[in-house]
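*Asks:* here you go, sequence then predicted model.
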Amino acid sequence: MEINPYDVAKAQIEIVAKEMGLDKNTTQYLKRIERALIVSIPITMDDGSVQIFEGYRVHHSTVRGPGKGGIRYSPEVNLDEVKALATWMTWKSSLLNLPLGGAKGGVRVDPRKLSMKELERLTRRYTAEIINIIGPDIDIPAPDVNTNSQIMAWIMDVYSMQKGRSIPGVVTGKPIEIGGSVGREPATGMGLYFVLKALCGKLDLSLKEQSIVIQGFGNVGGTISELLYNEGCKILAVSDISTGIFCKDGLDIEKLLKWVKEGKYLKDYKDSSYNFLTNEELLTTKCDVLVPAAIENQITEKNADKIQCKIVLEGANGPTTPEADKILYSKGIHVVPDILANSGGVCVSYFEYIQDIHSYFWKLDRINQELERIILEAFEETYKISVERKIPLRTAAYIIAVSRVAKAIELRGFFP
């Protein structure tokens with residue numbers, strides 16, 4: 001049976017509400033989204049035919065500030081997935097104590113089947129359809145699965161043209177030439193690196209001696225694999241949408257990254273010392289650190305007992321279900337939750353937003369220094385609560401994040 005990610009998101013809220021004795025009314029409120037917009041996107045294709053795609057934009061919570069969250073293009077996108085992702089964005093922003101809420105968007109489309117012109121028309125029409133619920137003080141989109149800086153540039157252009165002036169703060173993850181920030185693209189992977197290094201310090205482990213398996217070899221998986229490879233870690237396996245690839249002596253990450261950046265798939269990479277793996281085989285490969293950096297619902301009650309690692313570092317959003325969490329915790333595996341582990345992206349997105357609003361841009365060393373400070377403050381607070389209460393890191397992180405949103409609701413009250 002397919003797992004509904006929104007059910008997972010709501011179950012996580014129930015778990016933390018019980019742990020912290022949260023008011024029932026607040027719990028019910030947090031399990032609901034504020035608003036969801038479903039739009040039809042008619043596009044004239046290059047052959048003259050018209051195709052109609054479905055798009056979404058969801059606000060889970062804006063009580064602490066404007067919504068913040070990416071836009072993904074995928075044939076699997078649906079409303080419940082976007083609701084779940086928006087909910088997780090609320091907790092991510094809150095955990096880092098950023099003055100932002102949670103939002104998410106998506107279009108049900110396989111972008112690989114579109115030409116560049118079709119992709120541009122799709123993006124521009126989608127932006128026009130959601131234009132009334134986005135903006136620098138309402139909701140600030142960003143790139144996500146299968147979207148990038150060029151798509152953000154088109155969104156910014158449509159929004160700016162409608163408002164009659166250039167408004168770079170409407171999206172983050174833009175090209176640097178039109179208000180983007182240095183350090184934004186590798187930010188999620190950089191955040192993963194900072195958190196893993198800190199956790200290894202707590203567990204008295206040498207980071208460079210850890211063996212690593214990474215599911216997903218896009219922006220996030222590629223960045224963290226490169227950082228850990230340069231650290232001296234042995235990267236045993238990585239995977240993309242086509243296959244997993246394994247080598248007991250460690251992969252040459254530099255060559256593999258060069259290969260995929262040329263638009264090629266791992267399944268076509270030739271090296272006699274490498275073996276191909278299925279997704280399931282990759283997730284259950286024995287290693288020290290497993291990094292699920294693809295999509296949600298990858299570690300479930302069906303395979304959690306087969307996971308063989310010390311640390312699960314969640315590079316993706318929602319890769320582990322609540323049932324799997326229990327199994328991993330009982331096995332003594334440290335799961336660094338998505339809302340902490342991969343929050344580097346939203347953190348540097350916030351820096352980009354601030355730079356756009358003030359028209360003053362930072363150097364890369366300041367970006368990375370501020371990112372490290374903010375994400376490690378959140379890690380230290382989370383780890384402390386986890387140890388004191390003897391609870392998983394996810395529950396500890398949720399206690400912090402949910403408490404802040406609940407306090408904002410209490411102070412603001414309910415309108416009218």
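*Replies:* Good, I have the coordinates. Because the structure is predicted, anything quoted here is derived from the model rather than measured.
*Asks:* list the buried residues of stretch 146-164.
*Replies:* For stretch 146-164, the neighbour count (16 or more other Cβ atoms under 10 Å) marks 146-147, 149, 151-159 as buried. For the C-beta atoms, the positions are set from N, CA and C on the backbone; glycine is no exception.
*Asks:* quick one: average confidence on that stretch?
*Replies:* For stretch 146-164, the mean per-residue pLDDT is 97.
*Asks:* alpha carbons only: can I get it in CSV?
*Replies:* Included here for stretch 146-164 are C-alpha records, laid out as CSV according to Å, rounded to 0.1, in the frame of the first residue of the first chain:
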residue,chain,number,x,y,z
ASN,A,146,13.6,19.1,-11.1
THR,A,147,13.6,22.9,-10.8
ASN,A,148,16.6,25.3,-10.9
SER,A,149,17.8,28.9,-11.0
GLN,A,150,16.6,29.4,-14.5
ILE,A,151,13.0,28.5,-13.5
MET,A,152,13.2,30.9,-10.6
ALA,A,153,14.4,33.6,-13.0
TRP,A,154,11.2,33.1,-15.1
ILE,A,155,9.0,33.2,-12.0
MET,A,156,10.7,36.4,-10.9
ASP,A,157,10.3,37.9,-14.3
VAL,A,158,6.5,37.2,-14.6
TYR,A,159,5.9,38.5,-11.1
SER,A,160,8.0,41.6,-11.7
MET,A,161,6.3,42.4,-15.0
GLN,A,162,2.8,42.2,-13.4
LYS,A,163,3.9,44.5,-10.6
GLY,A,164,5.6,47.0,-12.9
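*Asks:* from the contact counts, what lies against whichever strand or helix holds Glu81?
*Replies:* Element membership for Glu81, per DSSP states H and E: helix 79-95. Judged by 3 or more Cβ pairs under 8 Å, 6 or more residues apart in numbering; DSSP states H and E, the packing partners of helix 79-95 are helix 5-20, strand 35-44, strand 50-61, strand 67-74, strand 102-108, helix 338-341, helix 344-358, helix 393-412.
*Asks:* cutoff 6 Å now
*Replies:* For helix 79-95, the packing partners by 3 or more Cβ pairs under 6 Å, 6 or more residues apart in numbering; DSSP states H and E come out as helix 5-20, strand 50-61, strand 67-74, strand 102-108, helix 338-341, helix 393-412.
*Asks:* just how off-centre is the second one within its chain?
*Replies:* The chain centre lies 18 Å from the centre of strand 50-61; the measure is Cα atoms, centre = their mean, to the nearest Å.
*Asks:* again, but for the fifth one
*Replies:* Relative to the mean C-alpha coordinate of its chain, helix 338-341 is positioned 8 Å out (Cα atoms, centre = their mean).
*Asks:* kindly report the same for stretch 231-243.
*Replies:* Relative to the centre of its chain, stretch 231-243 is centred 19 Å away, using Cα atoms, centre = their mean.
*Asks:* tabulate the CA atom coordinates of it in PDB.
*Replies:* Extracted C-alpha coordinates of stretch 231-243, given in PDB (Å, rounded to 0.1, in the frame of the first residue of the first chain):
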ATOM      1  CA  GLU A 231      37.100  15.000   3.800                       C
ATOM      2  CA  GLY A 232      38.600  11.600   3.200                       C
ATOM      3  CA  CYS A 233      35.400   9.500   3.700                       C
ATOM      4  CA  LYS A 234      35.000   6.300   1.700                       C
ATOM      5  CA  ILE A 235      31.800   6.700  -0.400                       C
ATOM      6  CA  LEU A 236      30.700   3.100  -0.900                       C
ATOM      7  CA  ALA A 237      27.600   3.700  -3.000                       C
ATOM      8  CA  VAL A 238      25.500   6.500  -4.700                       C
ATOM      9  CA  SER A 239      22.400   6.400  -6.800                       C
ATOM     10  CA  ASP A 240      20.400   8.400  -9.300                       C
ATOM     11  CA  ILE A 241      17.000   7.900 -10.900                       C
ATOM     12  CA  SER A 242      18.500   5.200 -13.200                       C
ATOM     13  CA  THR A 243      20.400   2.900 -10.700                       C
END
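*Asks:* what are the phi and psi values at Arg32?
*Replies:* Note on Arg32: its backbone torsions stand at phi -110, psi 150 [degrees, to the nearest 10].
*Asks:* check it and give its pLDDT.
*Replies:* The predicted local confidence for Arg32 is 96.
*Asks:* nearest to Thr44, out of the helices and strands packed on helix 79-95?
*Replies:* Among those, strand 50-61 comes nearest to Thr44, with 5.7 Å by Cβ to Cβ.
*Asks:* related to what we said a few turns ago, contact partners of the helix holding Glu81?
*Replies:* 4-6, 9, 33, 56, 58, 60-61, 68-69, 100-104, 106, 317, 339, 343, 346, 378, 397, 400-401, 404-405 (Cβ atoms under 6 Å, 6 or more residues apart in numbering).
*Asks:* picking that back up, need the helices and strands packed on helix 79-95 in a markdown table with distance to Ala84, can you?
*Replies:* Compiled in a markdown table, those are given as follows (distance: least, Cβ to Cβ, whole Å):
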| stretch | distance to Ala84 |
| --- | --- |
| helix 5-20 | 4 |
| strand 50-61 | 9 |
| strand 67-74 | 11 |
| strand 102-108 | 8 |
| helix 338-341 | 11 |
| helix 393-412 | 14 |
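*Asks:* any weak-confidence spans in this structure?
*Replies:* Applying pLDDT under 70 to the chain flags residues 1.
*Asks:* longest helix of it?
*Replies:* Taking DSSP state H as the criterion, the chain has its longest helix at helix 364-389.
*Asks:* rewinding a little: in helices, which of the buried residues of stretch 146-164 fall?
*Replies:* Going by DSSP H, the helices hold 149, 151-159 from those.
*Asks:* related to what we said a few turns ago, closest to Lys306 among the buried residues of stretch 146-164?
*Replies:* Closest to Lys306, out of all of the buried residues of stretch 146-164 and judged by Cβ to Cβ, is Asn146, at 29.3 Å.
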